[in-house]
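>>> the sequence and its predicted three-dimensional model are supplied below.
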Amino acid sequence: MQQTATVTKLLSGNQAELTVHRQTACGHDCSKCGGCGELVTKPITVIADNSIGADIGDTVVITGSSKQVLGLAAVVYVIPIVLFFVLYAIAAVAALPIPELWGGVGFFLGIAGALLMNKHQKDKKPIYTISKL
């Protein structure tokens with residue numbers, strides 16, 4: 001997972017703040033296609049390890065850690081769905097009224113967990129590394 005980015009700020013601990021223009025998997029010009037819309041045109045800001053010593057204004061290639069990205073995707077997408085079905089099944093077996101409501105509670109607990117994990121993730125090591133100038 002590699003993308004091109006621009007260094008906007010140098011941070012302590014051998015890290016840098018970067019601006020990344022999102023790329024699509026298909027590689028087409030999405031601003032003309034309309035399939036992805038605004039998502040591709042808006043840049044995002046990320047923190048990356050700057051072990052190669054890039055400076056402000058440099059255009060660099062960043063490499064993402066697939067393990068961390070897939071782990072975060074599992075938390076955001078899988079856990080809320082699993083909690084929905086688990087609480088729904090418990091409510092149905094226990095003959096609680098409106099098992100769908102309990103399933104919804106499970107889903108929102110999963111979303112709340114993902115939001116909490118996101119807050120704590122900001123304190124951890126960046127998932128990106130600057131690999132080339």
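Happy to help now that I have it.

>>> okay, now the unreliable bits of this structure?
1, 22-41, 121-126 (pLDDT under 70).

>>> so how far is residue 71 from the residue lying farthest from the centre of it?
Relative to the centre of the chain, the most outlying C-alpha is that of residue 95, 37.8 Å out, by Cα atoms, centre = their mean. The gap separating residue 95 from residue 71 is 36 Å, by Cβ to Cβ, to the nearest Å. Glycine gets a C-beta too; all of them are placed from N, C-alpha and C.

>>> how far does stretch 72-92 sit from its chain's centre?
19 Å (Cα atoms, centre = their mean, to the nearest Å).

>>> pretty sure residue 10 is in a helix, no?
No: counting by DSSP: H, G, I helix; E, B strand; the rest coil, residue 10 falls outside a helix, being strand.

>>> for the closest residue to residue 100 other than its chain neighbours, give me its contacts.
Nearest residue to residue 100, sequence neighbours excluded (Cβ to Cβ, 6 or more residues apart in numbering): residue 88, at 6.8 Å. By Cβ atoms under 8 Å, 6 or more residues apart in numbering, the residues touching residue 88 are 99-100, 102-103, 106.

>>> what's the closest of those residues to residue 60?
residue 106 (41.8 Å; Cβ to Cβ).

>>> CA atoms only for stretch 71-81, dumped as CSV, please.
What follows is stretch 71-81, C-alpha atoms only, in CSV (Å, rounded to 0.1, in the frame of the first residue of the first chain):
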residue,chain,number,x,y,z
GLY,A,71,-7.0,-4.6,12.1
LEU,A,72,-8.7,-1.2,12.2
ALA,A,73,-11.0,-2.2,9.4
ALA,A,74,-12.1,-5.3,11.3
VAL,A,75,-12.9,-3.2,14.4
VAL,A,76,-14.9,-0.6,12.4
TYR,A,77,-16.8,-3.1,10.1
VAL,A,78,-16.8,-6.5,11.6
ILE,A,79,-17.2,-6.0,15.4
PRO,A,80,-20.5,-3.9,15.2
ILE,A,81,-22.1,-6.6,12.9
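
>>> after the helix or strand where the residue nearest to residue 100 lies, next one along is what?
If you go by DSSP states H and E, residue 88 is part of helix 79-93. Next in sequence after helix 79-93, counting helices and strands by DSSP H and E, comes helix 99-121.
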